[in-house]
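Asker: okay, here's the prediction I keep looking at, along with the sequence it came from:
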Amino acid sequence: MSRIVLGVTGGVAAYKAVMLASRLRQSGHDVDVVLTPAAEAFVTGLSFSSVSGRRAYTNSDLFSAEGQIVHVELAHAADLVVVAPASADFLAKAAHGIADGLLATILLATPAKVLLAPAMEAEMWGNPATQRAVAQLRTDGRIVLEPESGHLASGRSGIGRMPAPEVIEQWILRTLRPPVLAGLRVLVTGGPTREYIDPVRFISNPSTGRMGIAVAEAARDAGADVTLVIGPTELAAAPGIQKVEVTSAAEMLDAVKTRFSEADAFIATAAVADLRPEARSLAKVKKADLQMQLAMERTVDILAWAGSVRQQRQVLVGFAAETGNLAAEARRKLHEKHCDLVVGNDVGEPGAGFAAETNRCLFVTADGERQVGPASKREVGEEIIAFVADRLRQR
Ligand code: CTP
């Protein structure tokens, strides 16, 4: 079992941290709780020591006679440092490496992974200063959870609630898992493609790239060396992932072709255009000259290409976006494109598919099928990566 430092900062959500500490202890972890002075205004060390069975630390320990030893010892003994709730003030300080208390000092001194669960008023979360701090922390490799939307301490509603203790616990368990894809290369496609008619007009689809990013992040967190070939998206780059930006299906195919043979796994989440205009005008076509019908030609199916040249050792995962016959269509694509797994997605269903936050999927393999979800795209990504790791282990 692992040793976890649980940092608690000021906020009403601090009481939920008591439940989190209790759950972690019940799953057999050693939990060292560190309270900031602001946290002490909401909860006491005694609440935590009662559930963790260990003493809780405060800033007075940093400045005590053995203070030097306390923060270094805690920082180095930890397998994971969790800060829940993480206040706006704490995020801002952590982003700048300010070490004005025991918890902030541990964050600087630890070689372990750090996971932060922000909780604050919606305006504070949305403030550019907080968003800058979060972006910096993520770039530095810290895991910053998204706060949830709902009822806030002020009585208003908005984004800023700390996720429930059981949700944070799931993240903790996921973060502590051994890197099952260490030393392996994973190639992912994501997002839409654009097929230009002229410089100001194109054919595309509503894909956001969120599924590709979620899969790429799950692979990265499993220790893989990840390349994400992605079409035009508004979403920010995920740190620790090599991102190759492309526009058209042809560019995506080229980017995949140059990297495919080195990949241990290829996961095609992209919504690639199936057709493109036969001709692309370099100059804008005037309205009066626009044709009522557009001559089109097929694009290359990237996943099918990969399936036709794949090696036995490689694992191939595709998606099937369907509005009917989900299982049958997913199975057809599994065989036709020589995949190990096809993730079927009913895009006609509310809460699934394009641009949705959550997905209900059907995982179809040669051995059978199983329902996954409703789950967040990240959770679906985790399931895919677990499948890939399992297959790679068998080879
Ligand atoms: N795909 C691809 N290149 C294409 C088209 C699709 O790599 N030119 C991949 C997608 O990334 C996805 C899978 O193929 O993993 C299935 O895509 P989907 O749009 O569901 O199916 P199609 O093959 O286009 O089939 P159909 O239109 O018959 O449903």
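Answerer: Perfect, I can see it now.
Asker: need the contact list for Val229.
Answerer: Leu187, Val188, Thr189, Gly190, Val244, Val246, Met252, Ala255, Val256, Arg259, Ala270 (CB atoms under 8 Å, 6 or more residues apart in numbering). C-betas here are computed from N, CA, C, even on glycine.
Asker: identify, from the residues you listed, the entry nearest to the ligand.
Answerer: Comparing the contacts of Val229 against the ligand with CB to the nearest ligand atom picks out Ala270 as the nearest, at 4.5 Å.
Asker: where does the closest residue to the closest one other than its chain neighbours sit: helix, strand or coil?
Answerer: Computed as CB to CB, 6 or more residues apart in numbering, the closest residue to Ala270 that is not its neighbour in sequence is Thr189, at 3.8 Å. When classified by DSSP: H, G, I helix; E, B strand; the rest coil, Thr189 comes out as strand.
Asker: wait, Thr189 touches Gly212, no?
Answerer: Yes. Shown here, Thr189 and Gly212 form a contact pair, counting by CB atoms under 8 Å, at 6.4 Å.
Asker: what touches both of these two?
Answerer: With CB under 8 Å, 6+ apart as the test, Thr189 and Gly212 both reach Leu228, Ile230, Thr269, Ala270.
Asker: taking the residues you listed one by one, which sit in helices?
Answerer: Judged by DSSP state H, helices contain none of these.
Asker: what subset of those is also close to the ligand?
Answerer: Contacts with the ligand within those, counted by CB under 6 Å from any ligand atom: Ala270.
Asker: of the shared contacts of Thr189 and Gly212, buried ones?
Answerer: Neighbour counting by 16 or more other CB atoms under 10 Å classes Leu228, Ile230, Thr269, Ala270 among those as buried.
Asker: flag the shaky bits of the stretch 101-250 of the chain, pLDDT-wise.
Answerer: 237 (pLDDT under 70).
Asker: show me which residues of it are close to the ligand?
Answerer: Residues of the stretch 101-250 of the chain lying near the ligand (CB under 6 Å from any ligand atom): Thr189, Ala249.
Asker: hey, where'd the strands end up in the stretch 101-250 of the chain?
Answerer: Assigned strands in the stretch 101-250 of the chain, in chain order: 113-118, 143-144, 148-151, 157-161, 185-190, 195-198, 201-203, 225-230, 242-245 (criterion: DSSP state E, counting those that start in this stretch).
Asker: walk me through the domains of this structure.
Answerer: With domains defined by automatic domain parsing, the chain comprises 3-176, 185-393.
Asker: what about Gly324, neighbour count?
Answerer: Neighbour count of Gly324, defined by other CB atoms under 10 Å: 8.
Asker: before we move on, which element is it in?
Answerer: Secondary structure from DSSP states H and E places Gly324 outside every helix and strand.
Asker: nearest spatial neighbour of it, skipping sequence neighbours?
Answerer: Gly348 (7.3 Å).
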